[in-house]
Structures are given as structure tokens and as C-alpha cells.
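A.B. asks: mind folding the following:
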Amino acid sequence: MTTPKKPALTALDVVLLLVTAGFLAYVGYRLFFALNYKWNWGVIATYLVRFDEATQRYTANVLLQGFVTTVKLSLWGTVLAALLGLLVGLMRLSPSLLLRLLGRAYVEAIRNTPPLVLVFIFYYFVSDRLLGALGIEDLLRGSGDAVRGLMALLFTEARLLSPFLSGVLTLALFQGAYIAEIVRAGIEAVDRGQWEAGRALGLSEKQLLHRVVMPQATRIMLPPLANEFINTIKWSSIVSIISIQELTFQGLQVMASTQAAIEVWLTISLMYLLLCLTLSLGVRRLESRFARADGAQPESVPR
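C.D. replies: Alright, predicted model coming up:
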């Protein structure tokens, strides 16, 4: 007996759509017509791209440069957070009591500390102590143009390296605590029978984890991991307080010089939305690929 299909659009859906459309129309009216505000969208384009007289071509201006810095900051922060989260997540499941205690202490300490406090702690420690002791900035200043160009491409300019690395480490340590819990929960969600079957086949703990457990746990972890990766992009805006010239910082500078507050923040919101939505769609495609391999329906990516 086949189950009848539900209608694609119910009366409740129509009501909700009308209410939503009415609310958006009201907000749009208040924003563009009822608000006593002189719009100046033309200035936004000049801060996205500019014409360079020296090279006789258009190049990225401060807002687009800030967007690129945000991408780099989020990318490196995500990579380090994933590695750290994987390590700490495995420590949380280790048979060693010491490793379990260390992993839990890190997770609890980071998750219960405001990220703004972490930004200042790591900024002053990394900038004043770690990088100074390692002499990284001096080394970069004395290096050739090719090395400085490569570092600027991958990270940022040498003079901005200290705050950039501080921001990356802050994002990685903050998000790593949440990713560690996702890794722990994902591994624990794998049926214990899979562990016992692997041991019965003579697999070592390392082989069992690599060949049996992690492929299954990855499918479970993917939706919440995607959510944390998107959160990393959004949390990157907080490092603007230590003068990292990412998108939010540059937006503040443009707003101060042009007084086009609403235009600037709407533009920045759309740029963040574009970045987060691209990542979300990419993860959704990856989920669909996993689902086709398993013969199951993909889960939706949490927002």
C-alpha cells in the first residue's frame, strides 16, 4: 500500500509566506522610503575596486582586500581548529586518564572563556613574546621579495603578521574546543559492534580507527562540523579589535570616512553571506555524495 504524497504547499505554508513577505516589505519600506537617510551606494563601488594609475588597471580596494583577508583568516583558523579538535577529541576517548583529563580541561576552559578575552591574551602573548623570541618578523623583513610576496599571498604583509597569527590562533583554539566535542560524539556514535568486529578480524586500534570507525564517524560529524566551519568565518570578525585588516575592520574604516553606515554594513553582510553560503552549499554536496554512497538520504546542513 503506497502512502499518499503530501501536498507540496499547504494553507499554513501560504499564510507563513504571506506574513514573511509582508514583514520584508514593511522593513524595505521603512528602510528605503520612510527613513530620513541619504543613500550613497556609489561610494561602495569605489571602495571595492579602484583604478591604479601606476599599472593602468583596476585593482582591489579596502573592502575587497578585507574580504580576502577574512577568507585567509578563516581558512587557516579552520585548518588549525580541525587538527586541534581531532587531536583533543581523540584524547577525550583515550584509555589514558591523563590524556582524558587534559582534553577535558582544555575543552572546559576554552568553552567557558569569552572569545574577546582570548583575542587579547593571544595578541599580547604571541606579538610580544612568541614572535619576538622566534624573530619571525625580523626574518621576513630581511628576506627577499619572492619570500615576502609568498607570505603576503598565503598570510598577510610582514608588518601585520603578528596580529594575523594572533587572530588565527585565537580562532583555532576557540573553535577547536567545539570541534573536539563533535569528534568525540561522532566516534562514540559508531555502533560498538563495529569495534568488536574489527578486533575480531585482528585489526589494531590504529587500523580499526582509521579503516572502520572514522569513515562512519565522518558522516555523522559532517553536519555539525559544517556549522562550526561557518561559525569560524563569522567569529573572524571579532579579531578586528586588534587591528587585523579583515572585512569588519575595513568596513569600520570606510564607514568612518564616508558616513555611509547602512550601505557599508549591508555590503559587508552580503559578503559574509556569500562566503558562508558557498561553504554551506559545498558541504551539502559532500553530504549528498556520502549519502549516495550509503544509499541514504542526505541530512540538511544546520544553519
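A.B. asks: per-residue pLDDT of Glu137, please?
C.D. replies: Looking at Glu137, its pLDDT stands at 65.
A.B. asks: nope, Leu153 is what I was after
C.D. replies: 77.
A.B. asks: give me the number of residues near it?
C.D. replies: 10 (other Cβ atoms under 10 Å). To be clear about C-beta, it is placed using only N, CA and C from the backbone, and glycine gets the same treatment.
A.B. asks: just the one 5 residues further on next, same as before
C.D. replies: Number of residues near Ala158 (other Cβ under 10 Å) recorded here: 19.
A.B. asks: wait, it touches Arg148, no?
C.D. replies: Yes - if you go by Cβ atoms under 8 Å, Ala158 and Arg148 touch, sitting 6.0 Å apart.
A.B. asks: let me see the ranges of the strands in this structure.
C.D. replies: Taking DSSP state E, the strands of the chain run over residues 49-52, 57-60.
A.B. asks: with mean pLDDT and mean neighbour count added, can I get the ones you listed in a markdown table?
C.D. replies: Listed next are the strands of the chain as a markdown table, based on pLDDT from 0 to 100; neighbours: other Cβ atoms under 10 Å:
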| stretch | mean pLDDT | mean neighbour count |
| --- | --- | --- |
| strand 49-52 | 82 | 12 |
| strand 57-60 | 83 | 11 |
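A.B. asks: to Ser143, which of those lies closest?
C.D. replies: Among the strands of the chain, strand 57-60 comes nearest to Ser143, with 24.2 Å by Cβ to Cβ.
A.B. asks: partners of the closest one, with directions?
C.D. replies: strand 49-52 (antiparallel) (DSSP bridges).
A.B. asks: for the helix ranked longest in the chain, the averaged confidence score.
C.D. replies: Longest among the helix segments of the chain by residue count, using DSSP state H, is helix 261-294. Across helix 261-294, the average pLDDT comes to 84.
A.B. asks: so which of the strands of the chain is nearest Gln245?
C.D. replies: Of all those, strand 57-60 comes closest under Cβ to Cβ, at 12.2 Å.
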